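Student: Sequence and predicted structure below; questions after.
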Amino acid sequence: MFFYESPIAWIIAIISFAIALFAQIRVKSAYNKYSKIRVSSNMTGAEVARMITNRTDVTVVQHNGGQMSDHFDPRKKVIALSPEVYNGNTVAALGIAAHEAGHALQHNQGYAPIKIRNGILPIAQIGSFMAFPLVILGLAFSSLEFLIDLGIIFFVVALAFQIITLPVEFNASRRAVAILDSNAYLTRSELNGAQNVLNAAAMTYVAAVVVSLLQLLRLLMLAQRRR
């Protein structure tokens with residue numbers, strides 16, 4: 001595959017790496033800062049998540065994942081929080097727990113973008129896994145050149161999934177901040193800190209879309225160069 005790379009394609013690859021690295025550094029910096037600041041209410045992430053979802057059939061559990069591995073599983077209707085968030089009484093812990101509870105509310109209320117995202121998820125997973133192998137095979141064997149276009153199509157589907165993920169994530173964060181504010185779970189300064197953590201996390205999704213767009217451009221350039 002690299003045999004067909006042009007200098008512009010290499011520049012695209014370097015820019016993509018820099019964007020992804022910057023997004024990760026920013027979110028880790030925000031998390032590390034606000035995971036050291038305890039909230040005045042002394043509430044934990046688990047308590048906040050349970051209060052937000054108390055009128056649903058969602059369960060809040062602790063799992064053994066690392067930092068920022070917290071997630072909502074719609075199939076099991078479970079909010080899985082890392083130990084630092086589940087037991088944590090910090091600004092970061094409450095912000096992340098409220099964000100995941102926001103996803104639970106999205107599913108409970110039938111939020112349209114999350115339905116669309118779930119609908120294309122199986123195809124997007126296949127596309128993400130198959131795109132580059134198909135392009136590489138198409139580049140390596142002239143008789144299989146059609147696989148380049150097929151790989152690009154798969155990649156576009158995976159990109160579409162990333163794009164529809166953006167409103168889902170931003171909406172969950174807006175819900176989290178609004179709930180934390182309206183229920184006075186956090187003071188004004190603590191709320192600003194939680195918002196900073198969630199904004200930094202959301203930017204990783206934006207960065208992922210930008211990187212994928214650049215990678216799509218790179219694939220299109222490779223296809224054109226091959227022909």
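Tutor: Looks like it arrived, so ask away.
Student: Find me whatever residue is spatially closest to the residue nearest the centre of the chain, sequence neighbours aside.
Tutor: Residue closest to the mean C-alpha point of the chain, counted by CA atoms, centre = their mean, is Y205 at 4.8 Å. Residue nearest to Y205 in three dimensions, not counting chain neighbours: E169, with 5.2 Å by CB to CB, 6 or more residues apart in numbering. From N, CA and C alone the C-beta is placed, and that goes for glycine too.
Student: before we move on, the earlier item: pretty sure the residue nearest to the centre of the chain sits against T165.
Tutor: Yes - assessed by CB atoms under 8 Å, Y205 is found in contact with T165 at 5.9 Å.
Student: Mind listing what's buried along the longest helix seen in the chain?
Tutor: Counting by DSSP state H, the longest helix found in the chain is helix 188-226. Across helix 188-226, burial judged by 16 or more other CB atoms under 10 Å covers 190-191, 193-205, 207-208, 210-212, 214-216, 218-219, 221-223, 226.
Student: Surely the residue nearest to Y205 is in contact with A202?
Tutor: Yes - if you go by CB under 8 Å, E169 and A202 touch, sitting 5.3 Å apart.
Student: Under a three-state scheme, what state does the residue of the chain most remote from its centre occupy?
Tutor: Outermost residue of the chain with respect to the C-alpha centroid, by CA atoms, centre = their mean, is S143; its distance is 37.7 Å. The three-state label given to S143 by DSSP: H, G, I helix; E, B strand; the rest coil is helix.
Student: Could you report the separation of it from A112?
Tutor: 44 Å (CB to CB, to the nearest Å).
Student: for Q62, same thing?
Tutor: With distances taken as CB to CB, Q62 is found 31 Å from A112.
Student: now do H103
Tutor: 14 Å.
Student: cool, and A98?
Tutor: Taking CB to CB, one finds A98 at 21 Å from A112.
Student: These two: which is more packed in?
Tutor: Between A98 and A112, counted using other CB atoms under 10 Å, A98 has the larger neighbour count: 27 against 11.
Student: isn't the more buried one right up against I179?
Tutor: Yes - counting by CB under 8 Å, I179 is a contact partner of A98 at 5.9 Å.
Student: Give me the common contacts of the two.
Tutor: Both A98 and I179 are contacted by I52, Y185, under the criterion CB atoms under 8 Å, 6 or more residues apart in numbering.
Student: ok and the strand or helix carrying A30 relative to helix 188-226, angle-wise?
Tutor: Assigned by DSSP states H and E, A30 falls within helix 7-34. For helix 7-34 against helix 188-226, the angle by axes from the mean of the first three to the mean of the last three CA atoms, to 10 degrees is 160 degrees.
Student: ok, back up a step: tell me the contacts of the residue nearest to Y205?
Tutor: A201, A202, Y205 are the contacts of E169 under CB under 8 Å, 6+ apart.
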